[in-house]
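**Q** dropping a prediction and its sequence here:
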Amino acid sequence: MKKKFTNRKRILSGIAMVCLISSFVTTAAEACDFRPENKCSEVCYEECEQTQIRSRLKELFFGKAEKHKDKRTVYLCPGGDAFGVKICDGGVTVSKIVTDTAKNFFRPNDKILKINNTDIKSISDVKDTLSESEGNPVHLIVQRDNKRTDFIIPPEIHGGEYKLGVVLSEGASGIGTVTYYEPKSGDFGGLGHGISDSSGEKILSITRGEVTGVILAGAVKGEVGKPGELRGVLSNRILGSLHSNTECGVFGRLSADAIAQSGGRVPLPVADRSEVKCGEATIFTTVKNGMRAEYTIKIEDINRDSTGTKSFRIKVTDEALIALTGGIVRGMSGSPIIQDGKLVGAVTHVLVANPTEGYGIFIENMLSAAQSQTVPQAA
């Protein structure tokens, strides 16, 4: 089976990350559509019934192989809800060069480290430092292609303010899908892959992050050679916080209000990778009218040794979902995959050559990443 998976993997080309529709930086493999968020809505996260969930996930899939038979079954609430994410990575990056003067100095993706010996951590720091310059040339130190470079540039005045002639970003925001949450603690995971910088090569660090509501405005259907996407905007309603951005997903904590908005979601046991099999499965995702629904897929070509985001191939078989989206689209990353009544993984990628096919990650890999990034809580 592993050999089959490898061979098909070589044949198929043009793989794209499904997911985050970013308004600041490109966080999917290609062709992300940047959009301003200026509308408001709510996302409901349902509360699970009382279960035997263990709050310390580290006992899930860790320890020596001979101890696997002793681990307890863990239950988690499957997600499938669209959610907004906003992260700041503790720096300011040039996302677009606007003026001719700026083109002589800046390059896209330059990270501004200092202006006149002042450390730059936010866009506000840039504005304050330029204001203090009173129009005199300023000395910048930037990081470019993993090297530091410096130059002196005269600020330009626009709208009564001194500016550098570039568009700046200080993180990423966009839309993804919740994979699971634990109802007692509010701990959750989503996306199934990390949020990358504009080059797609580096996972962004998080200095702070928020989970918000989102309103969906429909979907652009995927076509051969052109991945589709969910269209939507983030609301101003904060539903929780993010503390980790890893190769296997983003992780954080939902507020009690977010979880308690509605009840009735049934918690499911979490599957070990050895329990995942080729054949029928379903996903929960939010597409039509902003409502979470279940759709059929098939799991194929399982790579039992996977520790990353492409643990097995998936194929959408649900005609209703194909009619709505063409298959898998960006924004669906993190959609939980259910098989035989167990939570087995999440959607992560779409094949550009065929939008009905893509990849999924073992839930085990996500929970391992979540455990390694656990943030100690105050007593």
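**A** Thanks, I have it. Everything numeric in this text was worked out from a predicted model, so none of it was measured.

**Q** hang on, isn't residue 331 packed against residue 191?
**A** No: using C-beta atoms under 8 Å, residue 331 is not in contact with residue 191; the gap is 10.2 Å. (Glycine included, C-beta is placed from N, CA and C.)

**Q** so the two - more neighbours on which side?
**A** Higher neighbour count among residue 331 and residue 191: residue 191, with 33 against 30, using other C-beta atoms under 10 Å.

**Q** how close does that one get to residue 174?
**A** Distance, residue 191 to residue 174, using C-beta to C-beta, to the nearest Å: 10 Å.

**Q** cool, residue 245 as well?
**A** Counting by C-beta to C-beta - residue 245 and residue 174 are separated by 12 Å.

**Q** okay, these two: which has more neighbours?
**A** Neighbours around residue 245 and residue 174, counted as other C-beta under 10 Å, are more numerous at residue 174. The numbers are 31 against 26.

**Q** tell me which element the residue lying farthest from the centre of the chain falls in.
**A** The centre of the chain is farthest from one residue, residue 136, which by C-alpha atoms, centre = their mean lies 40.8 Å away. Taking DSSP states H and E as the definition, one finds residue 136 inside no helix or strand.

**Q** residue contacts, it?
**A** 154-155 (C-beta atoms under 8 Å, 6 or more residues apart in numbering).

**Q** one more pass at 6 Å, please.
**A** Listed by C-beta atoms under 6 Å, 6 or more residues apart in numbering, residue 136 has no contact partners.

**Q** can you check residue 305 too?
**A** By C-beta under 6 Å, 6+ apart, residue 305 has no neighbours at all.

**Q** wait, is it part of a strand?
**A** No: Residue 305 sits outside any strand when classified using DSSP: H, G, I helix; E, B strand; the rest coil, being coil.

**Q** pLDDT weak spots in the protein?
**A** Along the chain, the model assigns pLDDT under 70 to residues 1-71, 198-200, 262-264, 374-379.

**Q** select the longest strand from it.
**A** When the chain is parsed with DSSP state E, its longest strand is strand 229-246.

**Q** can you spell out which helices and strands pack onto the helix or strand just after that strand?
**A** Past strand 229-246, further along toward the C-terminus, the next helix or strand under DSSP H and E is strand 249-254. Contact analysis of strand 249-254 by 3 or more C-beta pairs under 6 Å, 6 or more residues apart in numbering; DSSP states H and E lists strand 187-190, strand 229-246 as its packing neighbours.

**Q** picking up where we left off before, please state the offset of the longest strand of the chain from the chain centre?
**A** 9 Å (C-alpha atoms, centre = their mean, to the nearest Å).

**Q** tell me the buried residues in stretch 114-131?
**A** Neighbour-count burial for stretch 114-131, counted by 16 or more other C-beta atoms under 10 Å, picks out 114-115, 120-122, 125-126, 129-130.

**Q** check stretch 82-98 too.
**A** 82-89, 91-95, 97.

**Q** equivalent analysis for stretch 208-226, please.
**A** 209-216, 219-222.

**Q** surely residue 87 meets residue 206?
**A** Yes: in this structure, residue 87 is within contact of residue 206 by C-beta atoms under 6 Å, at 5.1 Å.

**Q** re the thing from before, same list, the buried residues of stretch 208-226, but as TSV with distance to residue 359 and secondary structure please.
**A** Formatted as TSV, the buried residues of stretch 208-226 follow (distance: C-beta to C-beta, whole Å; DSSP: H, G, I helix; E, B strand; the rest coil):
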residue	distance to residue 359	secondary structure
209	25	strand
210	28	strand
211	24	strand
212	27	strand
213	28	strand
214	24	strand
215	28	strand
216	23	strand
219	20	strand
220	21	strand
221	20	coil
222	15	coil
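
**Q** which single one of those is nearest to residue 306?
**A** Nearest to residue 306 among those: residue 222, at 24.1 Å, using C-beta to C-beta.

**Q** which residues touch that closest one?
**A** Shown in contact with residue 222 (C-beta under 6 Å, 6+ apart): 228, 326-327, 329, 355.

**Q** cool, residue 135 as well?
**A** Listed by C-beta under 6 Å, 6+ apart, the contact set of residue 135 reads 155, 162.

**Q** separation between it and residue 162?
**A** Remark: distance between residue 135 and residue 162 (C-beta to C-beta) = 6 Å.

**Q** now do the shared contacts for these two.
**A** Taking C-beta under 6 Å, 6+ apart as the contact rule, residue 135 and residue 162 both touch residue 155.

**Q** farthest pair in the buried residues of stretch 114-131?
**A** 121 and 130 (15.0 Å).

**Q** who does residue 97 bridge with?
**A** Beta-bridge pairing for residue 97 (DSSP bridges): residue 166.

**Q** I'd say it and residue 103 touch.
**A** Yes: counting by C-beta under 6 Å, residue 97 touches residue 103, with 5.4 Å between them.

**Q** now residue 354. Nearest residue, chain neighbours left out?
**A** Leaving aside its sequence neighbours, residue 354 sits nearest to residue 224 (C-beta to C-beta, 6 or more residues apart in numbering; 6.7 Å).

**Q** repeat that for residue 141.
**A** residue 114 (4.2 Å).

**Q** confirm the one you found sits in a strand?
**A** Yes: assessed by three-state DSSP, residue 114 belongs to a strand.

**Q** ok, what's across the strand from it?
**A** Under the criterion used (DSSP bridges), residue 114 bridges to residue 119, residue 141.

**Q** same check, this time on residue 214
**A** Beta-bridge partners, per DSSP bridges, of residue 214: residue 234.

**Q** OK, contacts around it?
**A** Counted by C-beta under 6 Å, 6+ apart, residue 214 has contacts 43, 82, 84, 175, 232, 234.

**Q** which of those lies closest to residue 349?
**A** So of these, ranked by how close each gets to residue 349 (C-beta to C-beta), first place is residue 175, at 16.5 Å.
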